[in-house]
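Trainee: fold the following and give me the result.
(chains A and B)
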Amino acid sequence: MKTQFVALRTPVIAMGVALAITAVLLLLAGADVFAAFGVLLGGALTTPSRISDMLMLLAPLLLCAVGLTASFAAGQYNLGIEGQMTVGGVAAMWWLRGYQDGSPVILYWIGAVLCGMLMGAVWAMLVALLKRYMHVSEIFAGLGFNFVALGLALYLVFGPWKRPGVASMSGTEPLADALWLPTLTGTRLTLITPILAIVMLAIVWRLIRHTHWGLQVRACGLSALASVRMGVPATRRTFEAMALCGACAGMAGALQVIGVYHSLVPNVASGIGLMGLLVALLVRADVRWVALVALFFAIITSGSIQLPLALSIDSSISGVLQGLIVLAIIVARARRGEEAA
Amino acid sequence: MHVSIQQLNKSFGPVRANQDITIAFAAGQIHGILGENGAGKSTLMKLLSGVYKPDSGQIFINGTAVTLGTPRLAVQIGIGMVGQDPLDVPVFDVLENIACGLQMPNDADIRQQIIHWSTTLGFPLQPDQRMRDLTVGQRQQVEIVRLLIAGSDVLILDEPTTGITAAQVAALFAALKTIVATGKTVLFVTHKLDEIVALCDTVTVLRAGQLVGTQLAMPISKEAMLTAMFGEFLTHPQVPANPISTDAPRWQLHDTLLHDTTFVLGPLNLSLPKGMIIGLAGLEGSGQRVFMHHLAGTAHPDRGHVHFNGQPLMRANPLVAWLPADRLHEGIIGAMSLSEHVLLMRDSLLAPHQTAHAKAAQLIADYAIKATPDMPLQQLSGGNQQRAMLALIPESAQGILLEHPTRGLDTVSAMAIWQRLQVRRDNGATVLFFSADLSEVMQYSDAVLVFFGGQVSRLLARDSLSEEALAALIGGVGFAEVSA
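Mentor: Residues are numbered from 1 along each chain as shown, chains lettered A, B, ... in the order given. Next up is the predicted model:
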């Protein structure tokens, strides 16, 4: 019991410090601190449509964060998550472009999600390959491939897949109405995306925590040298964990295309992958907390959208708060002598 | 510059690395500092060069008490140290490397000084050469020139002849003699007796953190130096040694050249028989680790092959278990329990957790490990971690490689570990280990390999050796007669 208390004390203190610094920043900006926190923490939960918007952010965020717990477990800092999400969207769009009126829609949905997962996994494996065989840090390789993915999406949006006549940043020709994922009446929420996110959470949790495969992945992440010494196929496990992460991100990208944008937009990842990295940095490889932390981040990000209207405060304060929380926790861990990841 | 030290003490936790060191180094001479690994040589030099702060005691320069504190202060006072591995900026050129630490760099001036010192000392250095294009020996020369330009009157060199060519050693020795002729002082740390004889004016011997006797003026016999380094040699109650068997060998090396990033070992011609415990003797860093990596199959020879059971060893072999000294970094996974380790080392992806738990409990009982099956191994004491690592060696292992198998363990734990290893040996496994403790090598080995100067001796029957003779071989005395 005592160790559990100590383990919880650090994040609670860190959280307090982050909230306090945010409060000071709000004060300096001349804002009503309590009202601002009220909107940040509660604004996303006031109406059904706001809750549904929050869930629509939560679903891809959770998918990315869940994937990242797998790559973190293998000791990899997968900063290429945004690119993996982008190519997931591209692959989904490629599959959906084959749709003709009257084809069975369900095949196109499943196919698009599978294409997205496959492409995301391939994109992540490229990073793992560069790391293993060319000794390129996965951080730099991942960032590099993010730009390649963005370039690919831009090329398709402005080139081969552009709308007839006009090429614009707003995306390709929208999907046929039949391909739009059905939404809950009166909201933009497609119920299937949060459900898929929770299914993936359960699968990854099970894999990482309760299988021999997950044990070997975690061993590689904790000590590559020791695990190789004991006969763990470290290269393979690292590749597989990266591919799993890429598949989760690719799924998120595909779902954004089918359920949110209804076309391929260049910025299909829109920073959700990076926010997922913040979540993963907080929970590290511990899958148990990922849903809660992702929910919290989704709530304050969605809530912050109302700040400019309600209180004339810029919505970027939610990003400041998220960044501060992560920073405070990392500093707290470093002070306790733990590794940063 | 005359350096003297009064009652200097430095501890790291419970380890007293330097105890009550009182000594003086006269100007204009080369002073040898001799001792085996862990004797406290490097600590003393780091105290003098400001890397460490002493717990108590005083350092006097030309009779004035000084506080060194940081390497920068030490250099300003006039003490400079050339470390074992050159610390420089590889993408810089020689000029930039020398200029970046100086107070008021003036390129033209420094360029001229580099040329001046290189010519005086006979170093072939050009100010515009890139550091990364230089050999280790040349980088060391840059370091010496840098310290001289920074105004050092005392130069400390820590094992400077490791990893440099014979010609560079000769150039270094000539240069050091030139340097002291100008009234400067050189402190030369080494474990090689020949170098002391060839170079030094005095020799100071450290053992277990303490000064042995007083500073001695050369010449001194190598035997006297050895006795000072290792103490009086005791005879130990010995476990009877197995004779060297002539069956088909476990490992075989034929004209094999081993290497790591900075070290070349060989060429080696060796046969290591089945069912023996073989001690690797030699000062730390004489190639034992490189040797083990190759026997484990995790490193590959530059030339030739390492054969295991008659087959060339191309990758890590499940029949060979390697137990590294750095347990928590390379050996086991600290955050995981013994049960998890048991699971981890199984092939099956569907290994049921219950049987792993039972197996771990069995190992805990068999090896008297103070732990529960679910306790993270990092919470165990060093001795229990070592037992856990031993317990995890598969029954099928035919080769067992151990680095410092009993380092940091109490006597009872050490004996328990050796009993297990002797059982493995009697079941046909070949056990190789290296240890900084000569008496451990003498006590438990059936045969010994001595590592010195990038070479390995032939397999020497333990009963043909005394601890004294082994100490001499480690210092290179008489090594030529036993080299393979």
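
Trainee: and the closest residue to chain A within the stretch 51-200 of chain B, what element?
Mentor: Relative to chain A, the nearest point of the stretch 51-200 of chain B is B:P90 (16.3 Å; C-beta to the nearest C-beta). C-betas here are computed from N, CA, C, even on glycine. Using DSSP states H and E, B:P90 sits in no helix or strand.

Trainee: show me the contacts for it.
Mentor: B:130-132 (C-beta atoms under 8 Å, 6 or more residues apart in numbering or on different chains).

Trainee: switch the cut-off to 7 Å
Mentor: B:131-132 (C-beta atoms under 7 Å, 6 or more residues apart in numbering or on different chains).

Trainee: mind telling me what element residue 227 is part of?
Mentor: The chain I'm using is chain A. helix A:224-229.

Trainee: sorry, I should have been clearer: chain B.
Mentor: In this assignment (DSSP H and E), B:T227 forms part of helix B:222-230.

Trainee: show me what that helix is packed up against.
Mentor: Under the contact definition 3 or more C-beta pairs under 7 Å, 6 or more residues apart in numbering or on different chains; DSSP states H and E, helix B:222-230 sits against helix B:193-199, strand B:202-207, helix B:467-474.

Trainee: for the residue in chain A that chain B sits nearest to, give me its contacts.
Mentor: Residue of chain A nearest chain B, by C-beta to the nearest C-beta: A:L225 (4.2 Å). A:L225 makes contact with B:329-330, according to C-beta under 7 Å, 6+ apart.

Trainee: need the contact list for the residue of chain B with the smallest separation from chain A.
Mentor: In chain B, the residue that lies nearest chain A is B:E330 (4.2 Å; C-beta to the nearest C-beta). Shown in contact with B:E330 (C-beta under 7 Å, 6+ apart): A:225-226, A:229, B:324.

Trainee: mind putting the residues you listed in TSV, pLDDT included?
Mentor: Output for the contacts of B:E330, formatted as TSV (pLDDT from 0 to 100):
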residue	pLDDT
A:L225	85
A:A226	85
A:R229	81
B:P324	88
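
Trainee: which of those residues count as buried?
Mentor: With burial judged by 16 or more other C-beta atoms under 10 Å in any protein chain shown, the buried subset of these is A:225-226, A:229, B:324.

Trainee: could you export those as TSV, including distance to A:L244?
Mentor: Shown next, in TSV, are these (distance: C-beta to C-beta, whole Å):
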residue	distance to A:L244
A:L225	23
A:A226	22
A:R229	25
B:P324	30
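
Trainee: between the residues you listed, which is nearest B:A208?
Mentor: Each of the buried ones among the contacts of B:E330 was scored against B:A208 by C-beta to C-beta, and B:P324 proved nearest at 25.0 Å.

Trainee: I'd say that closest one and B:E403 touch.
Mentor: Yes - the criterion here is C-beta atoms under 7 Å, and B:P324 meets it with B:E403 at 5.4 Å.

Trainee: shared neighbours of those two, which are they?
Mentor: Here B:P324 and B:E403 share no contacting residue, scored by C-beta under 7 Å, 6+ apart.

Trainee: burial of B:R424, as a residue count?
Mentor: 20 (other C-beta atoms under 10 Å in any protein chain shown).

Trainee: now do the same for it: its pLDDT.
Mentor: Listed pLDDT for B:R424 reads 91.

Trainee: what lies in contact with the helix or strand encompassing it?
Mentor: Applying DSSP H and E as the criterion places B:R424 in helix B:411-426. Outside helix B:411-426, the residues that touch it by C-beta under 7 Å, 6+ apart are B:275-277, B:367-368, B:383, B:386-387, B:390, B:400, B:405-406, B:409, B:431, B:444.

Trainee: can you check stretch B:277-286 too?
Mentor: B:36-37, B:191, B:272, B:288, B:291, B:421, B:425, B:430-436, B:438, B:441, B:444-452, B:470, B:474.

Trainee: quick one, which of these are buried?
Mentor: Burial by neighbour count, judged by 16+ other C-beta under 10 Å, picks out B:36, B:191, B:272, B:288, B:291, B:421, B:425, B:430-436, B:438, B:441, B:444-452, B:470, B:474 from the contacts of stretch B:277-286.

Trainee: thinking again about what came up before, now do the helix holding B:T227: distance to the chain's middle.
Mentor: 19 Å (C-alpha atoms, centre = their mean, to the nearest Å).

Trainee: report the buried residues of it.
Mentor: Per 16+ other C-beta under 10 Å, helix B:222-230 contains these buried residues: B:222, B:225-230.

Trainee: and that helix, average pLDDT?
Mentor: 80.

Trainee: first-to-last residue distance for stretch A:254-265?
Mentor: From its first residue to its last, stretch A:254-265 covers 11 Å (C-alpha to C-alpha, to the nearest Å).
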